[in-house]
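A.B. asks: sequence below, structure please.
(4 chains)
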Protein chains: 2
Amino acid sequence: MRALVVEDDPDLSRQLGRALEDAGYAVDVALDGEDGHFLGDTEPYDVVVLDLGLPKMDGVTVLERWRQDGKGFPVLILTARDRWSEKVAGFDAGADDYLTKPFHTEELLARLRALTRRAAGHVTSTIECGDLSIDTRGARVFIDGAPVKVTSHEFRMLSYLAHHQDRVISRTELVEHIYDQDFDRDSNTIEVFVGRLRKKIGNDRIETVRGLGYRLVDPEARPVS
Amino acid sequence: MRALVVEDDPDLSRQLGRALEDAGYAVDVALDGEDGHFLGDTEPYDVVVLDLGLPKMDGVTVLERWRQDGKGFPVLILTARDRWSEKVAGFDAGADDYLTKPFHTEELLARLRALTRRAAGHVTSTIECGDLSIDTRGARVFIDGAPVKVTSHEFRMLSYLAHHQDRVISRTELVEHIYDQDFDRDSNTIEVFVGRLRKKIGNDRIETVRGLGYRLVDPEARPVS
DNA sequence: TAACCTGTTCAGCACCGGTTCAGGGCATGT
DNA sequence: ACATGCCCTGAACCGGTGCTGAACAGGTTA
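C.D. replies: Model prediction:
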């Protein structure tokens, strides 16, 4: 999951970035509205945390432009306490949730989880694929109830595949969503991770579609429709 | 499906080409308006991505000439943000959709899928032909709900036939839509693929019309011709 | 500092998928 | 019925793609 944090207060943005990274997101941080808008326009984020009071370009404007351009990622806006007008304007502009400063990072994380889940059409905090279950909250993976130990990048990857199960995910799409901005394009890191994941959760759970990418499937569900 | 990308920025054009190839298109790239116009005039594309700001010949002009010459392929234009006049001119010239730079490749792919589907008169992302169903998004094929394993070229071919089912598709048309520019004309590759496909989905699903080409049919739907 | 864990790089290899080729069959027109 | 030529098919070739084991690097922990 990739997240963008747009927050001008350097302390808070650093804290947020760190909290999200700890929670397993690949995070980019923008310190003003222009940068934030540009990043949101160019990079495929899965969720955005957007402060409304920003230098160079107001948060609401940023959000409005994104939505005009058809950007659909979920956006959580941060507002100063008692700034109802801003909040309303934010929702009108297409925000999905809000939080008033100051707040507990746990609450922010919980709301972000809810947003990403909702955006992918899931309702619970665990995604199931056959007897494979992925706890997005605890970053844990179970097979038939038995815990499987996965590293953080392995988890990000599995989690992204699970959010879009049954779809073919190209290698480039995986890279874009797992890593932040710059990443060496031609490298076989993805393949190595797929290999390691397969070794842990079973070979038949990740199909490779030659020339296109990978796909997470439930091996049990396919003998007959 | 064959796609043409007309984009002068070398980085972007390479990136686009790669993304489309990942998505299963056969892609040609032109770096200026003249080349782009020529290619679009001579080669039968299924969809075109056209940047409006181009050297040698402006994108709008390119599009106008294509339409004057009766080229009907769907065209998605790329415009710099806040260039409303261009956008309008593009639509007037016959564009089918637009996207403002910068954009997410996934969104571009989604729109291209929508365009090709619409151009073929389909609305969903799966095409049905009797109990044969083709998932254009997931690159999968089912017979009566049971998955059939096809390779990427086999899929392209079946998919093209399915987009134009009940029509006779000539061998050259198939070649032109499945492969990009350079392909050895006299080769029986197509026949080999037809053979392999028939072996997988049943002999009676692809009719051969001697001297003309092939046609995808629903064997059940024609008790008698 | 040493041991460890995680992510990345590299090189070798197996295999798959695309292409070619040759031979034979079958439809079509005379 | 015959001959022509189009089409089908099996087999083989070949290059590329993706997989794997191992080594390396950076950071973290004991």
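A.B. asks: hey, let's count contacts and neighbours off CA atoms from now on
C.D. replies: OK.
A.B. asks: can you list the weak-confidence ranges in chain A?
C.D. replies: A:81-94, A:121-125, A:137, A:180-182, A:185, A:222-225 (pLDDT under 70).
A.B. asks: repeat that with 50
C.D. replies: Chain A contains residues with pLDDT under 50 at A:223-225.
A.B. asks: which helix runs longest in chain A?
C.D. replies: Ranked by residue count and defined by DSSP state H, the top helix of chain A is helix A:105-119.
A.B. asks: who are the packing partners of it?
C.D. replies: When contacts are defined as 3 or more Cα pairs under 8 Å, 6 or more residues apart in numbering or on different chains; DSSP states H and E, helix A:105-119 packs onto helix A:10-22, strand A:47-51.
A.B. asks: strand partners (parallel or antiparallel) of the following helix or strand past the longest one?
C.D. replies: Beyond helix A:10-22 on the C-terminal side, the first helix or strand identified by DSSP states H and E is strand A:26-30. Sheet partners assigned to strand A:26-30 using DSSP bridges are listed as strand A:2-6 (parallel).
A.B. asks: the partner strand near DNA strand C anywhere?
C.D. replies: No: Strand A:2-6 lies out of reach of DNA strand C by Cα under 7 Å from any atom of the strand, never closer than 14.2 Å.
A.B. asks: how about the residues of chain A that lie near DNA strand C?
C.D. replies: Neighbours of DNA strand C within chain A, by Cα under 7 Å from any atom of the strand: A:150-154, A:184, A:187-189, A:192-193, A:210.
A.B. asks: try 10 Å this time
C.D. replies: A:24, A:149-157, A:175, A:178-180, A:183-193, A:195-196, A:208-211 (Cα under 10 Å from any atom of the strand).
A.B. asks: show me which of those residues neighbour DNA strand D.
C.D. replies: Okay, of these touching DNA strand D (Cα under 10 Å from any atom of the strand), that's A:187-193, A:195-196, A:208-211.
A.B. asks: which parts of chain A sit against DNA strand D?
C.D. replies: A:170-171, A:187-199, A:203, A:206-214.
A.B. asks: just the buried ones among the residues you listed, please.
C.D. replies: Neighbour counting by 16 or more other Cα atoms under 10 Å in any protein chain shown classes A:170-171, A:190, A:193-194, A:196-197, A:206-209, A:212-214 among the residues of chain A next to DNA strand D as buried.
A.B. asks: hmm, which two among the residues you listed are most spread apart?
C.D. replies: Spanning the widest gap among those are A:Arg196 and A:Leu212, at 19.7 Å by Cα to Cα.
A.B. asks: circling back: show me the residues of chain A next to DNA strand C that map onto helices.
C.D. replies: Among these, the ones falling in helices (DSSP H) are A:152-157, A:175, A:178, A:189-193, A:195-196.
A.B. asks: which one of these sits closest to B:Glu107?
C.D. replies: Relative to B:Glu107, and with distances defined as Cα to Cα, the nearest of these is A:Val175, at 16.4 Å.
A.B. asks: looks like A:Ala30 contacts A:Asp9 (just checking).
C.D. replies: No: when contacts are counted by Cα atoms under 8 Å, A:Ala30 is not listed as touching A:Asp9 (10.3 Å).
A.B. asks: which one of those two has more residues nearby?
C.D. replies: The neighbour comparison of A:Ala30 against A:Asp9 (other Cα atoms under 10 Å in any protein chain shown) goes to A:Ala30, with 20 against 14.
A.B. asks: so that one versus B:Val217, what's the distance?
C.D. replies: As judged by Cα to Cα, to the nearest Å, A:Ala30 and B:Val217 stand 55 Å apart.
A.B. asks: please apply the same query to A:His177.
C.D. replies: Taken as Cα to Cα, the span from A:His177 to B:Val217 is 40 Å.
A.B. asks: again with A:Pro44
C.D. replies: 40 Å.
A.B. asks: and A:Leu12, by the same measure?
C.D. replies: Distance from A:Leu12 to B:Val217, by Cα to Cα: 62 Å.
A.B. asks: who's more crowded, these two?
C.D. replies: Here A:Leu12 and B:Val217 are compared on neighbour count by other Cα under 10 Å; more neighbours surround B:Val217, at 21 against 11.
A.B. asks: residues touching the nearest residue to A:Arg205 once chain neighbours are set aside, list them.
C.D. replies: Nearest residue to A:Arg205 in three dimensions, chain neighbours excluded: A:Val217, at 5.4 Å (Cα to Cα, 6 or more residues apart in numbering or on different chains). For A:Val217, the contact set (Cα atoms under 8 Å, 6 or more residues apart in numbering or on different chains) comprises A:129, A:165-166, A:204-207.
A.B. asks: same thing but 7 Å
C.D. replies: With contacts defined as Cα atoms under 7 Å, 6 or more residues apart in numbering or on different chains, A:Val217 is in contact with A:165-166, A:205-206.
A.B. asks: restricted to helices, list the residues you listed.
C.D. replies: Per DSSP H, the subset of the contacts of A:Val217 in helices is empty.
A.B. asks: so what's the spatially most central residue of chain A closest to, chain neighbours aside?
C.D. replies: Nearest to the geometric centre of chain A sits A:Met1, at 2.8 Å (Cα atoms, centre = their mean). Spatial nearest neighbour of A:Met1, excluding adjacent residues (Cα to Cα, 6+ apart): A:Tyr25 at 5.2 Å.
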